[in-house]
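[1] Sharing a model that was predicted from the sequence below.
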Amino acid sequence: MPIQEALLKMSMYVSLVLIVPGPTNTLLLSSGLKVGLRGTWPLVIAEALGYAIAISVWGFFLCAFAAGRPWLYDVVKLASSVYIFCLALKMWTHSRVLQDVSIAPVSFRAVFVATLMNPKALLFSSTLFPLEAFRSAHYFAWALLVFLTVLAPIGVGWSSLGGLLTSRRAWAARTSTLLRGASLVLLMFSGTLVYSVVNR
């Protein structure tokens, strides 16, 4: 598969997973509610750093460890399918996006650590990033650049959502509809991963 096609496919699936409510997105939303986008955008940098480090560590570790164990990627794919299925269910039922927002201030360190420990990083490195990305520094640089390009607007979006939900309560219902639509796509992606393993 040409690198451009692989990276385009990666960017579409990455965007779906990144938009799912989770610890990092909840922190961005919480900060957006309190201080707005202007005070929150540095936290998107913390998110980018956390994911970049975690994806690099997981990706290169798996690439080295699975060299003599080709079945390992199938195991990780199946585990990723289960995780994506759980994310989809969480997204479908997460109709009130404000329910997990805390009142405490959000720090750069809190977002960085939450992202560094986020299971999504393992999903990105093992399933969504092309395997070739961890065998070539040039390929990895392009894949990471595409990933960060997708991450930035989604992170800013979650940061901005707080202000929208505060000023326009009608946006809360629309956000729920959007997330439920994305959850259906995630369910299909979960099934695709299982199919790719069993149909070999």
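    Cool, got the structure.
[2] Quick check: the gap between G68 and L62.
    Distance, G68 to L62, by CB to CB, to the nearest Å: 13 Å. From N, CA and C alone the C-beta is placed, and that goes for glycine too.
[3] Give the residue from the two that has the larger number of neighbours.
    Legend: neighbour count by other CB atoms under 10 Å for G68 and L62, higher for L62 (19 against 7).
[4] just the helices in this structure please.
    3-18, 23-65, 71-93, 108-116, 120-123, 137-167, 170-198 (DSSP state H).
[5] export the third one as PDB, just CAs?
    Backbone C-alpha positions of helix 71-93 (Å, rounded to 0.1, in the frame of the first residue of the first chain) are rendered in PDB as follows:
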ATOM      1  CA  TRP A  71       1.100 -14.000  16.000                       C
ATOM      2  CA  LEU A  72       1.600 -11.200  18.500                       C
ATOM      3  CA  TYR A  73       0.100  -8.500  16.200                       C
ATOM      4  CA  ASP A  74      -3.000 -10.700  15.800                       C
ATOM      5  CA  VAL A  75      -3.400 -10.900  19.500                       C
ATOM      6  CA  VAL A  76      -3.000  -7.200  19.900                       C
ATOM      7  CA  LYS A  77      -5.500  -6.600  17.000                       C
ATOM      8  CA  LEU A  78      -8.100  -8.700  18.800                       C
ATOM      9  CA  ALA A  79      -7.500  -6.900  22.100                       C
ATOM     10  CA  SER A  80      -7.700  -3.600  20.200                       C
ATOM     11  CA  SER A  81     -11.000  -4.700  18.700                       C
ATOM     12  CA  VAL A  82     -12.400  -5.300  22.200                       C
ATOM     13  CA  TYR A  83     -11.100  -2.000  23.400                       C
ATOM     14  CA  ILE A  84     -12.600  -0.100  20.400                       C
ATOM     15  CA  PHE A  85     -15.900  -1.900  21.000                       C
ATOM     16  CA  CYS A  86     -15.800  -0.700  24.600                       C
ATOM     17  CA  LEU A  87     -15.000   2.900  23.400                       C
ATOM     18  CA  ALA A  88     -18.000   2.800  21.100                       C
ATOM     19  CA  LEU A  89     -20.300   1.700  23.800                       C
ATOM     20  CA  LYS A  90     -18.900   4.400  26.100                       C
ATOM     21  CA  MET A  91     -19.400   7.000  23.400                       C
ATOM     22  CA  TRP A  92     -23.000   5.900  22.800                       C
ATOM     23  CA  THR A  93     -24.000   6.100  26.400                       C
END
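[6] tell me the angle it makes with helix 23-65.
    170 degrees (axes from the mean of the first three to the mean of the last three CA atoms, to 10 degrees).
[7] Would you mark the buried spots in helix 71-93?
    73, 76-77, 79-81, 83-85, 87-88, 91-92 (16 or more other CB atoms under 10 Å).
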